[in-house]
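Build me a model:
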Amino acid sequence: MSTSHFRYRSYPELSVVAIAVTLILGLSSFESVAVSAEAASTVTRPLDAGTKYEHIKFPKLPPTEYQLNSGILRANVDRSASFLFFPFSRALRVSTVTWEWKGSGSTNLVSAEHEESIEGDDAQLRIGLVLQGDEPSAISWFLPAWIKQVRASLRPQTTSEMLFLISGGQHIDGQTWPSPHSASITHMAVQGVPGADEWTRSSVTLTPTKDVVGVWIMADGDDTRARYETQLRNLVLIGPPEREEEER
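Below is the predicted model of the structure:
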C-alpha cells in the first residue's frame, strides 16, 4: 500500500506506531505468495512452558503488563499498548485456531464503526497470525528498534501480512475489516461460546489454510483510554489433515 492508505493520528507517538506497523508488513497491498510444500503441518501451543517469546514495546506508550504462568497469560491494560511475539523456526500451515479467554472490564468501544477507526483501534484480545511472505524493503536505519527486534526474531522467516483474530469486540462473529493503519492487516471477529466457568471457548477455521511464521498476542487500551484485564489459555494452532496437506 502507499502511505495514503493510512492516516496520521493527532498524537505524534501513535503515528510512529502506525508507520512502523506498515513498514514491517509492507508498503504495498499484499498478494498471495506461493509457499513451499515443505511448510509444516503440525499442532503448536504457543503458551506452553519453554516456548520462546519476546515482549515488544512501543516508544512513548506505556506497555501492557503481561504474566505467563502455568499456561495462562494475564494481560493488565492501563491505557497501554504492547504485545508478546512468538516467532516460529519454520512456517506452520494452519487450518484451525482455538483458544479460551475471559476478561474483567473492557475497552471503551461503543460500536463496530468505532472499532474500525483509528480512535477505536483497541482490542480486549488480539491473536495475530503473522503470515509468511516477502519482507518489504526499507532503509534499515529508518526502522524503529521494535521492528528490528521483530524481524531479527523471525529470521530466517519473513512476513508481509497479518490476520488478527479479535475477541471481545463489537463486530458480529466472522465479520472482517481492514486495519486503519495498513491494508496488509485484516481483523476478524471471533465471539466464541461462554462457559459456566466464565471462560469463553473460541475457534476459527481458516479457508484457505494459512502459512504462519509467528503469533502476536496483544491487549491494548491506548486509543480508547481503557483499563481492564484479559486472561488467555489453551491457545492451539492446528494444521490440516495429512491427506488434505498431501493434495494441496
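
Now name the helix or strand holding residue 237.
strand 227-238 (DSSP states H and E).

If you count neighbours, what's buried in that strand?
227-232, 235-238 (16 or more other Cβ atoms under 10 Å). Every residue, glycine included, has its C-beta placed from N, CA and C.

how about the CA coordinates for that strand, as CSV?
What follows is strand 227-238, C-alpha atoms only, in CSV (Å, rounded to 0.1, in the frame of the first residue of the first chain):
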residue,chain,number,x,y,z
ARG,A,227,-8.3,-0.1,31.8
TYR,A,228,-9.1,-3.9,32.1
GLU,A,229,-7.6,-7.4,32.5
THR,A,230,-7.7,-10.2,30.0
GLN,A,231,-6.7,-13.9,30.5
LEU,A,232,-5.9,-16.4,27.8
ARG,A,233,-5.3,-20.1,27.9
ASN,A,234,-5.3,-23.2,25.7
LEU,A,235,-4.2,-21.4,22.5
VAL,A,236,-3.7,-24.1,19.8
LEU,A,237,-2.8,-23.8,16.2
ILE,A,238,-3.8,-26.9,14.2
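
helices or strands up against that strand?
Using 3 or more Cβ pairs under 8 Å, 6 or more residues apart in numbering; DSSP states H and E, the elements in contact with strand 227-238 are strand 43-44, strand 72-78, strand 82-105, strand 123-132, strand 200-220.

Need the winner for burial among those.
Most buried of those by mean neighbour count (mean count of other Cβ atoms under 10 Å) is strand 123-132; its value is a mean of 24.

Verify the stated contact: residue 146 with residue 58.
Yes. Counting by Cβ atoms under 8 Å, residue 58 is a contact partner of residue 146 at 6.3 Å.

Please report the distance of residue 228 from residue 100.
17 Å (Cβ to Cβ, to the nearest Å).

low pLDDT regions in this protein?
Scanning the chain for pLDDT under 70 picks out 1-41, 136-142, 242-248.

Report the central residue of it.
Nearest to the geometric centre of the chain sits residue 128, at 1.9 Å (Cα atoms, centre = their mean).

I would like the residues contacting stretch 71-84, please.
Outside stretch 71-84, the residues that touch it by Cβ atoms under 8 Å, 6 or more residues apart in numbering are 17, 47-49, 53-58, 61-68, 122, 125-126, 128, 216-222, 225-234.

just how off-centre is it within its chain?
On the basis of Cα atoms, centre = their mean, to the nearest Å, stretch 71-84 sits 13 Å off its chain's mean C-alpha point.
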